[in-house]
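> here is a sequence together with a model predicted from it:
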Amino acid sequence: MLVSSGDQLAGALPGADVLIVDLTADPQDRIEIVKRALGDGRLPTLAFFSHVERDVRAEAERAGFELVVPRSRMARAGAELVSGLVRGESAS
């Protein structure tokens with residue numbers, strides 16, 4: 001399910017197997033929304049970012065995203081990355 005607000009995200013989380021977040025636009029806002037929505041709950045999380053914004057990657061990793069990859073890797077191997085997260089495998 002594609003969501004575009006914190007309220008939609010909170011409503012979609014109970015049935016989700018994995019959370020994928022596009023950090024190429026408004027990364028700080030999106031990271032904060034996800035942190036608030038997840039609270040103390042655990043859900044496999046995958047974020048992707050523009051490869052030139054290394055600070056965004058660092059911030060997402062500090063925020064607790066399980067896997068943070070460049071947009072190009074997401075485009076190339078997204079299905080494999082998501083499958084690995086769902087199975088509980090580390091795909092760094």
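Thanks, I have the structure now.
> distance from stretch 76-90 to the middle of the chain?
12 Å (C-alpha atoms, centre = their mean, to the nearest Å).
> now for the closest residue in space to Ile31 that isn't next to it in sequence, how many residues are close by?
Distances taken as C-beta to C-beta, 6 or more residues apart in numbering place Ala63 nearest to Ile31, at 4.9 Å, with adjacent residues excluded. Every C-beta, even on glycine, is put in place using the N, C-alpha and C of the backbone. By other C-beta atoms under 10 Å, 18 other residues sit near Ala63.
> correct me, but Ala63 touches Val34?
Yes. In terms of C-beta atoms under 8 Å, Ala63 counts as a neighbour of Val34; the distance is 7.3 Å.
> what residues of stretch 28-44 count as buried?
Using 16 or more other C-beta atoms under 10 Å as the burial criterion, the residues of stretch 28-44 that qualify are Arg30, Ile31, Ile33, Val34, Ala37, Leu38, Pro44.
> need the CA coordinates for it. CSV is fine.
The C-alpha coordinates for stretch 28-44 follow below in CSV (Å, rounded to 0.1, in the frame of the first residue of the first chain):
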residue,chain,number,x,y,z
GLN,A,28,14.1,14.5,7.6
ASP,A,29,10.3,14.8,7.7
ARG,A,30,9.9,11.2,6.5
ILE,A,31,12.4,9.8,9.0
GLU,A,32,10.6,11.6,11.8
ILE,A,33,7.1,10.4,10.6
VAL,A,34,8.3,6.8,10.5
LYS,A,35,10.0,7.1,13.9
ARG,A,36,6.7,8.4,15.4
ALA,A,37,4.5,5.9,13.6
LEU,A,38,6.7,2.8,14.6
GLY,A,39,7.2,3.9,18.2
ASP,A,40,8.7,1.0,20.0
GLY,A,41,7.2,-1.6,17.6
ARG,A,42,9.5,-3.5,15.2
LEU,A,43,8.9,-3.8,11.6
PRO,A,44,11.5,-4.5,8.9
